[in-house]
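*Asks:* How does the following fold in three dimensions:
(one chain, ligands or ions: 1)
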Amino acid sequence: MNLERCWWKRWKRNGMTENYRAGFVSVVGRPNVGKSTLTNALVGHKVAITSMRPETTRHNIRGIVTTDQGQLILVDTPGYHRPRTLLGKRLNDMVREALADVDAVAFCLPADQKVGPGDQFIARELRGLRAPVVAVVTKTDTVTKDQLLQHLLNVESLADFAAIVPVSAAKADNLDELVSVLIGLMPQSPQLYPTGDVTEEDDEVLIAEFVREAALEGVRDELPHSIAVQVEEIIEREQQPGAKKPPLLDVHVNIYVERESQKAIIIGRKGARLKDVGTRARKHIEELLGRRVFLSLHVRVAKDWQSDPKMLRRLGF
Ligand SMILES: Nc1nc2c(ncn2[C@@H]2O[C@H](COP(=O)(O)OP(=O)(O)OP(=O)(O)O)[C@@H](O)[C@H]2O)c(=O)[nH]1
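*Replies:* Got it, this is the predicted structure:
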């Protein structure tokens, strides 16, 4: 059988036309400009964690947006920044990796911050790419119309963009327009992932990320950078005879910090803070897995792991 014909028939049957477009879009920008919030808003599901602290994203997380016109695989990247540690260097390498071979780049520039040297640095890095770059002005809900207009002019003079699209992920404003602009830049291609898929990440990666997001809440100074999370194991409990619901899943997760004093902060008075972290993370994990979970969190000290190549490798960097 002619494989190509078979694929074509399936494509047609799924209601796709020959004008369908699909491809990869790298979402880049300085730390804390709203890349992960935007990725989640476009995908319509929580695939990337967010926080008020800069440098939250530590992996290239893929989120999938499917419409009748096309499909976007968004690659949410760590914030591009001046690295202070080996981890920082690895994060920048991840961004560069995410930029290789993409079909378009969404460069996020927040409306509430002046275009600065950090943005100019990224714009220079992007200049060498073959892929078109769309400037996405994020957080438009935080400024007045006049301020937005001025910001758009400043962004325009930064580089030669394929388009400039202002959006607010928080207010779901102009997101459809951004999707349509990005799809317009994708190559003609059949759908790359089945309709309904929202991410490519393993459950373990997402579980670790949900725990890290919960652990980040309310901690200050250097502590957010010092937290790393890894799922140790997931064990299915035995099904009780006659039980109607599926058995609980035991999820064992390690939270690494760099010093004993940080361990005490994460655990909190009489373990209250850790319990709270567990409750919040469990909610997202149960949504993700669609079943009840017993989450057990262990806080461990891995001295200066951000600069320890062996530990970084163990943690997947
Ligand atoms: N008001 C407003 N706040 C936003 C919007 N988008 C993101 N934020 C806030 O900005 C902060 C940073 O958002 P993130 O999505 O984590 O930013 P990021 O660029 O992924 O950050 P890194 O992972 O550090 O690179 C969070 O407190 C968000 O709630 C928006 O459209 N409007």
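*Asks:* can you map out the helices along the protein?
*Replies:* In the chain, helices defined by DSSP state H lie at 3-13, 35-43, 86-99, 117-127, 145-156, 175-184, 203-216, 223-226, 260-267, 272-289, 309-314, listed in chain order.
*Asks:* To the ligand, which of those helices lies closest?
*Replies:* Closest approach to the ligand among the helices of the chain is made by helix 35-43 (3.4 Å; CB to the nearest ligand atom). For the C-beta atoms, the positions are set from N, CA and C on the backbone; glycine is no exception.
*Asks:* Put the alpha carbons of that closest one into PDB.
*Replies:* Taking C-alpha atoms only, helix 35-43 is exported to PDB below (Å, rounded to 0.1, in the frame of the first residue of the first chain):
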ATOM      1  CA  LYS A  35       6.500  33.200  28.800                       C
ATOM      2  CA  SER A  36       5.100  30.300  30.800                       C
ATOM      3  CA  THR A  37       1.800  32.100  31.600                       C
ATOM      4  CA  LEU A  38       1.400  32.800  27.900                       C
ATOM      5  CA  THR A  39       2.200  29.200  26.900                       C
ATOM      6  CA  ASN A  40      -0.400  27.900  29.400                       C
ATOM      7  CA  ALA A  41      -3.000  30.400  28.200                       C
ATOM      8  CA  LEU A  42      -2.500  29.500  24.500                       C
ATOM      9  CA  VAL A  43      -2.500  25.800  25.200                       C
END
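*Asks:* any idea of the angle it forms with helix 175-184?
*Replies:* Relative orientation of helix 35-43 and helix 175-184, computed by axes from the mean of the first three to the mean of the last three CA atoms, to 10 degrees: 90 degrees.
*Asks:* tell me the mean pLDDT for helix 35-43?
*Replies:* The average pLDDT for helix 35-43 rounds to 93.
*Asks:* ok, now stretch 154-161?
*Replies:* For stretch 154-161, the mean per-residue pLDDT is 95.
*Asks:* before we move on, the earlier item: what would the helices of the chain look like in JSON lines with distance to Ser26 and mean neighbour count?
*Replies:* Compiled in JSON lines, these are given as follows (distance: least, CB to CB, whole Å; neighbours: other CB atoms under 10 Å):
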{"stretch": "helix 3-13", "distance to Ser26": "26", "mean neighbour count": "11"}
{"stretch": "helix 35-43", "distance to Ser26": "10", "mean neighbour count": "25"}
{"stretch": "helix 86-99", "distance to Ser26": "5", "mean neighbour count": "18"}
{"stretch": "helix 117-127", "distance to Ser26": "10", "mean neighbour count": "16"}
{"stretch": "helix 145-156", "distance to Ser26": "18", "mean neighbour count": "14"}
{"stretch": "helix 175-184", "distance to Ser26": "11", "mean neighbour count": "18"}
{"stretch": "helix 203-216", "distance to Ser26": "18", "mean neighbour count": "22"}
{"stretch": "helix 223-226", "distance to Ser26": "23", "mean neighbour count": "19"}
{"stretch": "helix 260-267", "distance to Ser26": "32", "mean neighbour count": "15"}
{"stretch": "helix 272-289", "distance to Ser26": "24", "mean neighbour count": "17"}
{"stretch": "helix 309-314", "distance to Ser26": "23", "mean neighbour count": "13"}
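*Asks:* Please tabulate the ones you listed in TSV, including the columns distance to Val134.
*Replies:* Shown next, in TSV, are the helices of the chain (distance: least, CB to CB, whole Å):
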stretch	distance to Val134
helix 3-13	27
helix 35-43	12
helix 86-99	14
helix 117-127	11
helix 145-156	11
helix 175-184	6
helix 203-216	26
helix 223-226	29
helix 260-267	39
helix 272-289	30
helix 309-314	32
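*Asks:* Spell out which parts of the stretch 151-300 of the chain neighbour the ligand.
*Replies:* Proximity of the stretch 151-300 of the chain to the ligand (CB under 6 Å from any ligand atom) is limited to residues Ser168, Ala169, Ala170.
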